[in-house]
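Trainee: pasted the sequence and its predicted model underneath.
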Amino acid sequence: MFRFIILINLLYSLVQLNEATTSEEIPICQYTDGINLNLADSGIRQVNKLFVSSSQVVCLNLKNNEINKIDSRAFDELPNIRYLNLANNYIDYKSYMMTSEYQSVETLVLDEAFLITLDHNTRENCRYYRSCSQYTDKQIEMSIKAPLLKNLYLRYNNITTIKIPLWADNMPNLTYLYLSHNKLKTVDFFKYIPSTLTHLFLDSNQITRFVSKLLHNLKELKMDNNNISTLCGTDNYCEEGMYLKNGINIENLSLSNVSLSTIDPDALEDLHALKNFNLSSNNIHKISKHTFDNLTNLINLDLQSNELVAVPDICALQKLNTLLLNNNNIIRIDDRFACNISSLEILSLNQNKINYIGSGAFHGLPSLKALGLSGNQLEVLTDNWILAENSLQVLYLNDNLFSSIASMTLDNCTGLESVNIAGNPLKTLSLKSLMNLPENTVIDLNQLKTPEVPVCGCDCNAYQQRYGYL
């Protein structure tokens with residue numbers, strides 16, 4: 001039952017991939033081997049020299065205060081501090097970035113921390129609406145020395161430019177860098193980043209061009225909500241696009257809502273390690289054949305909310321588990337469109353314009369467990385559109401044009417646990433047409449497009465003992 005619920009949630013709610021690594025929440029202290037000193041929301045305005053003295057403190061939370069000054073020796077008597085949270089303060093970023101030094105800190109949170117120019121009322125108002133970054137553009141030159149720093153959060157700071165020429169020397173262990181929700185237009189700073197950086201978050205900026213040959217250490221790259229029109233195969237003409245060559249270790253790549261319209265056929269050829277690929281909410285009309293051929297380790301592919309008129313070539317994706325193609329302009333599903341992908345379990349084709357599905361369309365998907373075909377223009381499914389050998393458990397046929405249960409051709413769905421047929425213009429509901437379904441199949445009839453459902457003349461008492469929910 002637990003597995004069944006997961007399948008329904010994944011398909012019907014279309015849960016976003018990589019939820020754990022893309023959270024907007026401010027990270028909490030994870031260290032439990034010492035004191036967690038929480039001074040958040042305390043009205044603190046200055047952090048003076050030798051602010052706290054204790055070798056037991058491992059985490060210090062100073063978020064949501066009114067701090068405008070931090071002495072360069074404020075934390076000298078905290079030799080074992082590993083987590084420092086200064087989010088939502090008024091810090092003078094120019095002096096702070098040039099003088100701060102942390103010998104033991106591993107996680108430094110500076111989200112929305114540099115708002116010294118705002119009065120108290122303006123600050124409190126924009127903090128509530130998470131819009132403070134609109135007030136002060138910043139060109140940051142960073143000289144913070146933190147030899148053990150692994151996680152750096154600089155979100156919501158309205159940063160337009162970053163200059164960090166000694167980044168690799170001052171932060172030689174930096175692994176996670178969060179620059180989301182700023183106003184970066186370029187990634188020129190990337191050439192200074194230490195080789196230890198594996199996770200880079202640049203979502204919700206103003207980046208139009210990302211051309212770098214230094215991607216080989218990255219494992220995760222998030223670029224959502226920028227303006228990347230093209231994934232380029234060569235950097236020579238990539239004026240408003242992204243160049244992904246040498247991204248040989250990238251496992252998670254997210255390019256949702258970046259106005260992407262073109263993917264060059266060879267743009268992805270170096271992404272052999274890619275496992276999760278999010279291309280949702282773009283303007284992609286067509287993807288050339290063989291574009292995905294080198295993505296042999298891909299597990300999840302999200303292409304929902306684009307302008308695709310046909311299912312792209314995915315035959316080489318032999319490890320693919322989830323494919324989301326809902327909210328496109330796909331008209332037909334041809335025979336064996338996916339070739340033979342034994343690993344595919346979840347396929348969403350909801351909210352397209354599909355009016356035809358070939359008789360062998362899903363024959364090459366023996367592990368398919370959840371299939372979404374809702375919100376299309378289907379009137380009939382042909383015989384053997386799916387084989388009895390398939391593993392289908394969850395099926396969405398709601399909001400189509402089926403006039404009868406028989407036209408859905410569900411005879412081969414021998415393992416079906418749930419089917420949604422609501423929102424179809426059913427003229428009759430024949431109990432005989434349901435007899436071939438498994439005994440415990442749940443049928444969702446909510447909001448059928450018919451005022452009355454005629455009842456057959458069979459022995460309904462006996463039938464209701466088997467299907468008690470009717």
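Mentor: Perfect, I can see it now. Numbering: from 1, shown residues only.

Trainee: got the phi and psi for F189?
Mentor: Dihedral angles of F189 (phi, psi; degrees, to the nearest 10) stand at phi -60, psi -20.

Trainee: for N217, see how far away the spatially closest residue to it that is not a sequence neighbour is.
Mentor: Of all residues not flanking F189 in the chain, I162 sits nearest, at 4.2 Å (C-beta to C-beta, 6 or more residues apart in numbering). For every residue, glycine as well, the C-beta is placed using N, CA and C. Using C-beta to C-beta, to the nearest Å, I162 is found at 18 Å from N217.

Trainee: who has more neighbours, the two?
Mentor: When I162 and N217 are compared for neighbours, I162 comes out ahead with 22 against 18, by other C-beta atoms under 10 Å.

Trainee: and what about that one, helix, strand or coil?
Mentor: What DSSP: H, G, I helix; E, B strand; the rest coil gives for I162 is strand.

Trainee: same deal with I443?
Mentor: Looking at I443 with three-state DSSP, the answer is strand.

Trainee: give me the pLDDT value at it.
Mentor: Per-residue confidence (pLDDT) for I443: 84.

Trainee: contacts only, for the spatially closest residue to it that is not a sequence neighbour.
Mentor: When the adjacent residues along the chain are set aside, I443 lies closest to V419, with 5.6 Å between them (C-beta to C-beta, 6+ apart). By C-beta atoms under 8 Å, 6 or more residues apart in numbering, the contact list for V419 reads 394-397, 410, 413, 437, 441-444.

Trainee: among those residues, find me the one that's closest to N80.
Mentor: V394 (50.7 Å; C-beta to C-beta).

Trainee: specify the beta-bridge partners of that closest one.
Mentor: Taking DSSP bridges as the rule, V394 bridges to A370, S418.

Trainee: surely it touches T441?
Mentor: No: contact criterion C-beta atoms under 8 Å: V394 and T441 do not qualify, at 10.4 Å.

Trainee: how about the strands in the stretch 151-300 of the chain?
Mentor: Listed in chain order, the strands of the stretch 151-300 of the chain (DSSP state E, counting those that start in this stretch) span 151-153, 159-163, 176-178, 199-201, 210-211, 220-222, 230-232, 241-243, 252-254, 262-263, 276-278, 300-302.

Trainee: picking that back up, which one's more surrounded, V394 and T441?
Mentor: Neighbour comparison, V394 and T441: the larger count goes to V394, with 23 against 19 (by other C-beta under 10 Å).

Trainee: which stretches in the stretch 301-450 of the chain count as strands?
Mentor: Counting by DSSP E, counting those that start in this stretch, the stretch 301-450 of the chain has strands at residues 322-324, 332-333, 346-348, 356-357, 370-372, 394-396, 418-420, 442-444.

Trainee: so which of those strands gets nearest L244?
Mentor: Nearest of those to L244, taken as C-beta to C-beta: strand 322-324 at 20.7 Å.

Trainee: where does pLDDT dip in the stretch 101-250 of the chain?
Mentor: For the stretch 101-250 of the chain, applying pLDDT under 70 flags the ranges 115-138, 235-236.

Trainee: neighbours around the nearest residue to N321 once chain neighbours are set aside, how many?
Mentor: Closest residue to N321 apart from its sequence neighbours, by C-beta to C-beta, 6+ apart: I299 at 4.9 Å. Number of residues near I299 (other C-beta under 10 Å) recorded here: 17.

Trainee: roughly how far does I299 sit from C339?
Mentor: I299 sits 17 Å away from C339 when distances are taken as C-beta to C-beta.

Trainee: do L381 as well
Mentor: Using C-beta to C-beta, L381 is found at 21 Å from C339.

Trainee: more crowded one of the two?
Mentor: Between L381 and C339, counting by other C-beta under 10 Å, L381 is the more crowded of the two (20 against 13).

Trainee: who does T107 bridge with?
Mentor: Assessed by DSSP bridges, T107 has beta-bridge partners Y83, N151.

Trainee: now for the contacts of V419: which two are most distant?
Mentor: Y396 and L437 (15.3 Å).

Trainee: neighbour-wise, which of the two wins?
Mentor: Between Y396 and L437, counted using other C-beta under 10 Å, Y396 has the larger neighbour count: 25 against 18.

Trainee: does the more buried one really touch L373, like I thought?
Mentor: Yes: counting by C-beta under 8 Å, Y396 does reach L373; the two are 6.0 Å apart.

Trainee: returning to that earlier point: between V394 and T441, what contacts are shared?
Mentor: Common neighbours of V394 and T441 (C-beta under 8 Å, 6+ apart) are 416-419.

Trainee: now N88: closest residue in space, sequence neighbours ignored.
Mentor: In space, N88 comes closest to N64 once its chain neighbours are excluded; the distance is 4.7 Å by C-beta to C-beta, 6+ apart.

Trainee: re earlier: winner for burial among the strands of the stretch 151-300 of the chain?
Mentor: Of the strands of the stretch 151-300 of the chain, the one with the most neighbours on average (mean count of other C-beta atoms under 10 Å) is strand 241-243, at a mean of 25.

Trainee: packing partners of that strand?
Mentor: strand 210-211, strand 230-232 (3 or more C-beta pairs under 8 Å, 6 or more residues apart in numbering; DSSP states H and E).

Trainee: parallel or antiparallel, which strands does that strand pair with?
Mentor: Each strand paired with strand 241-243, and its direction, by DSSP bridges: strand 210-211 (parallel), strand 230-232 (parallel).

Trainee: the closest residue to N352 other than its chain neighbours: what's it in contact with?
Mentor: Closest residue to N352 in three dimensions, ignoring its sequence neighbours and counting by C-beta to C-beta, 6+ apart: I330, at 4.2 Å. Applying C-beta under 8 Å, 6+ apart to I330 gives the contacts 308-311, 349, 352-354.

Trainee: with I250 instead?
Mentor: Taking C-beta under 8 Å, 6+ apart, we find I250 in contact with 215, 218-221, 244, 271, 273-274.

Trainee: with S305 instead?
Mentor: 280-282, 326-328.

Trainee: quick check: it vs L253, distance?
Mentor: 17 Å.

Trainee: ok, L214 next?
Mentor: Separation of L214 from L253 (C-beta to C-beta): 16 Å.

Trainee: follow-up on the earlier one: just put the helices and strands packed on strand 241-243 in JSON lines and tack on distance to Q139.
Mentor: What follows is the helices and strands packed on strand 241-243, written out as JSON lines (distance: least, C-beta to C-beta, whole Å):
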{"stretch": "strand 210-211", "distance to Q139": "20"}
{"stretch": "strand 230-232", "distance to Q139": "28"}
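
Trainee: those: which one's closest to N88?
Mentor: Closest to N88 of these is strand 210-211 (C-beta to C-beta; 29.3 Å).

Trainee: touching that closest one from outside, list them.
Mentor: So strand 210-211 is in contact with 187, 223, 228, 232, 235, 238, 241-243, going by C-beta under 8 Å, 6+ apart.

Trainee: right, I'll call it a day here.
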